[in-house]
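J.: give me a model of this one.
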Amino acid sequence: MKPLQFLLPAATLVLGSYWITHQVGTLAEVERGNLELKTKIRSGSVSRFDQPTETEEPVIRIGNDSHPPDWKTILARFSQIKTGTPYNPNIINQQLGAMDSDELLAALDEIERLEASRREKDWLVAMVVGPLMKKNTEAGLDRFIDRLEDAGSGFLDDLNRAFGQWVEDNPAGARAWFDRQIMAGNFDSRTIDGRSRSRVEFESILMKSMLAANVSDARDRLAGMHQDQRVEVMQAFQVPELNDQEIKNYASLVREQLMEEDSNRVIARTTARALIQSDLAGVSLQLDRIGATPAERVEAVKQVWSNIEMGFGPYRRLSLERIDAARTWMTSQAPDADVERMIGGTLAKAARQGSLSFPEALAQAIVYYENSGKEDGLAGFLESDVAAEHRAEAIPLLDKVSDTEVRTRLVKKLESGDR
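T.: You can find the predicted model right below:
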């Protein structure tokens, strides 16, 4: 998948999303609106907007005219969008696309001189970013190098995709630019935790390009990072997107360059993301593709359970069927993992969120205990807050817990009602 294939006209997406958001106010409708805009652009059906109708305001011409871009007027038009005044962002995008990189850079200077809030300026900047990155990626990245850590700017994904396309088109040039910027301190962390999100993202983009083409260079580059940074970079990969050769090299680098505990965790997290994109079968596929070891599968089971607990993928709402499928899958992947305790906790969560009644969840916890002969699942269920809320029903199950230490702790929790 090419990084820039989503770099559809920034003006179209920014203004289109803004207009739709103020009109309808829901994410689903915003997404549908953006899809309609993209379809119109591709089909050429936006030509009717080229000339104003009797009910439309004259189109603002902003580029390649005898006059410089009138950004003040364009900004003012945002308020008209809110009130429903007909307005077509595609025209602005077409005109921006006709400007060269010097004109686009000058437009950014003009925007910065406006008497407007940072947020309002960034609305306009986001319109220019896409066209500028297509015309001159290096100049565009140089322009925004001091804002790569600015999570509130709203156009950082465009910068990441632009760098990814540059790496694909000219890997040597992109890498040389990146290394110069690192040496200049432009990717140093500016946060209290000492982490640089943009450095990690750019490193992972560059590293991916090396997996198939030059794995020895990838190994050397990774070896030059400190251990925490290696973990962050390799954890940023989307494993399902790697081809067979890339995933083989990826796994080799992770296992060679990271400490075993970190290596197991990174492989677990990157493969478990398949749950979000597909289902448990998708996770199995990625574990098999990467040749996961027993230890890595144990970690993957823990990560999948964590994803389930957070409601990812098909587990947004829990059900007995889904919990049972997860338990079966987890046990098959890692028999040595503490599956019963994890599933006991998941049953408790289902009762807490209301997808199961407490008696239903309790009954299923007993079924799993009787089938497995393990007390861990009951303990995982009984130590939950929802069990404390229903202690009259939960306390009789304490007789099934033979571990004295665990039983004493649970008795104290349930009898006191502590959460």
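J.: please, where are all the helices along the stretch 251-400 of the chain?
T.: According to DSSP state H, counting those that start in this stretch, the stretch 251-400 of the chain carries its helices in the segments 260-272, 274-277, 280-289, 294-309, 320-333, 339-353, 358-372, 376-382, 385-389, 391-394.
J.: can you redo the ones you listed as JSON lines with distance to L159, mean pLDDT and mean neighbour count?
T.: All C-beta atoms are positioned from the backbone trio N, CA, C, and that covers glycine. Putting the helices of the stretch 251-400 of the chain into JSON lines (distance: least, Cβ to Cβ, whole Å; pLDDT from 0 to 100; neighbours: other Cβ atoms under 10 Å) gives the following:
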{"stretch": "helix 260-272", "distance to L159": "23", "mean pLDDT": "96", "mean neighbour count": "22"}
{"stretch": "helix 274-277", "distance to L159": "24", "mean pLDDT": "84", "mean neighbour count": "19"}
{"stretch": "helix 280-289", "distance to L159": "28", "mean pLDDT": "95", "mean neighbour count": "18"}
{"stretch": "helix 294-309", "distance to L159": "28", "mean pLDDT": "93", "mean neighbour count": "21"}
{"stretch": "helix 320-333", "distance to L159": "38", "mean pLDDT": "94", "mean neighbour count": "17"}
{"stretch": "helix 339-353", "distance to L159": "38", "mean pLDDT": "93", "mean neighbour count": "23"}
{"stretch": "helix 358-372", "distance to L159": "47", "mean pLDDT": "93", "mean neighbour count": "17"}
{"stretch": "helix 376-382", "distance to L159": "44", "mean pLDDT": "92", "mean neighbour count": "25"}
{"stretch": "helix 385-389", "distance to L159": "43", "mean pLDDT": "92", "mean neighbour count": "19"}
{"stretch": "helix 391-394", "distance to L159": "53", "mean pLDDT": "90", "mean neighbour count": "14"}
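J.: of these, which is nearest N93?
T.: Nearest to N93 among these is helix 274-277 (30.5 Å), distances taken as Cβ to Cβ.
J.: packing partners for that closest one?
T.: For helix 274-277, the packing partners by 3 or more Cβ pairs under 8 Å, 6 or more residues apart in numbering; DSSP states H and E come out as helix 280-289, helix 294-309.
J.: between helix 320-333 and the first one, find me the angle.
T.: Compare the direction of helix 280-289 with that of helix 320-333 by axes from the mean of the first three to the mean of the last three Cα atoms, to 10 degrees and you get 10 degrees.
J.: ok, residues contacting helix 280-289?
T.: The list of residues contacting helix 280-289 from outside it, by Cβ atoms under 8 Å, 6 or more residues apart in numbering, reads 239-240, 244, 247, 270-272, 274-275, 296-297, 300, 304, 325-326, 329, 333.
J.: cool, and the last one?
T.: Residues from elsewhere that reach helix 294-309, judged by Cβ under 8 Å, 6+ apart: 260, 263-265, 267-269, 271-272, 275-276, 280, 283, 287, 290, 292, 313, 315, 318, 326, 329-330, 333-334, 336-337, 339, 342-343, 345-346, 349.
J.: what angle do helix 260-272 and that helix make with each other?
T.: 50 degrees.
J.: rewinding a little: out of the helices and strands packed on helix 274-277, flag the one nearest M225.
T.: helix 294-309 (21.7 Å).
J.: look up how far D220 lies from G130.
T.: 34 Å (Cβ to Cβ, to the nearest Å).
J.: and these two? Which one has more around it.
T.: Between G130 and D220, G130 has the larger neighbour count (other Cβ atoms under 10 Å), namely 27 against 11.
J.: that one: helix or strand, and which one exactly?
T.: Element membership for G130 (DSSP states H and E) is helix 118-135.
J.: picking that back up, with distance to K413 added, can I get the helices of the stretch 251-400 of the chain in TSV?
T.: Shown next, in TSV, are the helices of the stretch 251-400 of the chain (distance: least, Cβ to Cβ, whole Å):
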stretch	distance to K413
helix 260-272	30
helix 274-277	31
helix 280-289	32
helix 294-309	20
helix 320-333	23
helix 339-353	13
helix 358-372	16
helix 376-382	8
helix 385-389	6
helix 391-394	9
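J.: nearest to L104, of those?
T.: Comparing the helices of the stretch 251-400 of the chain under Cβ to Cβ, the one sitting nearest is helix 274-277, at 35.4 Å.
J.: pretty sure S263 sits against R255.
T.: Yes: look at S263 against R255 with Cβ atoms under 8 Å: they come within range, at 5.2 Å.
J.: walk me through the domains of this structure.
T.: Split into domains by automatic domain parsing, the chain comes to 1-135, 338-419.
J.: mean pLDDT lowest for which of those?
T.: Lowest mean pLDDT within the domains of the chain: domain 1-135, a mean of 62.
J.: ok, E112 touching K121?
T.: Yes: at 6.7 Å, E112 and K121 qualify as touching, with contact defined as Cβ under 8 Å.
J.: give me the more crowded residue out of the two.
T.: Neighbours per residue (other Cβ under 10 Å) separate E112 from K121, with K121 holding more: 18 against 12.
J.: wait, the more buried one sits on E110?
T.: No: using Cβ under 8 Å as the test, K121 is too far from E110 to be in contact (10.4 Å).
J.: list the contacts for the nearest residue to E138 once chain neighbours are set aside?
T.: Nearest residue to E138, sequence neighbours excluded (Cβ to Cβ, 6 or more residues apart in numbering): W177, at 5.9 Å. When contacts are counted by Cβ under 8 Å, 6+ apart, W177 is found next to E138, L141, W166.
J.: so A365 touches L378, yeah?
T.: Yes: under the criterion of Cβ under 8 Å, A365 makes contact with L378 at 5.8 Å.
J.: mind listing the shared neighbours of these two?
T.: G344, L397.
J.: hmm, back to that, could I get the helices and strands packed on helix 274-277 as TSV with distance to E393?
T.: Shown next, in TSV, are the helices and strands packed on helix 274-277 (distance: least, Cβ to Cβ, whole Å):
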stretch	distance to E393
helix 280-289	31
helix 294-309	23
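J.: between the ones you listed, which gets nearest to T404?
T.: helix 294-309 (26.9 Å).
J.: then that closest one to PDB, C-alphas only?
T.: Output of helix 294-309 as PDB, limited to C-alpha atoms (Å, rounded to 0.1, in the frame of the first residue of the first chain):
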ATOM      1  CA  PRO A 294       5.500 -20.500  22.600                       C
ATOM      2  CA  ALA A 295       6.700 -17.600  24.800                       C
ATOM      3  CA  GLU A 296       5.600 -15.100  22.100                       C
ATOM      4  CA  ARG A 297       2.200 -16.800  21.900                       C
ATOM      5  CA  VAL A 298       1.700 -16.500  25.600                       C
ATOM      6  CA  GLU A 299       2.300 -12.800  25.300                       C
ATOM      7  CA  ALA A 300       0.000 -12.600  22.300                       C
ATOM      8  CA  VAL A 301      -2.800 -14.200  24.300                       C
ATOM      9  CA  LYS A 302      -2.300 -11.700  27.100                       C
ATOM     10  CA  GLN A 303      -2.400  -8.800  24.500                       C
ATOM     11  CA  VAL A 304      -5.500 -10.200  22.800                       C
ATOM     12  CA  TRP A 305      -7.200 -10.400  26.100                       C
ATOM     13  CA  SER A 306      -6.200  -6.800  26.800                       C
ATOM     14  CA  ASN A 307      -7.700  -5.800  23.500                       C
ATOM     15  CA  ILE A 308     -10.900  -7.700  24.300                       C
ATOM     16  CA  GLU A 309     -11.100  -5.900  27.700                       C
END
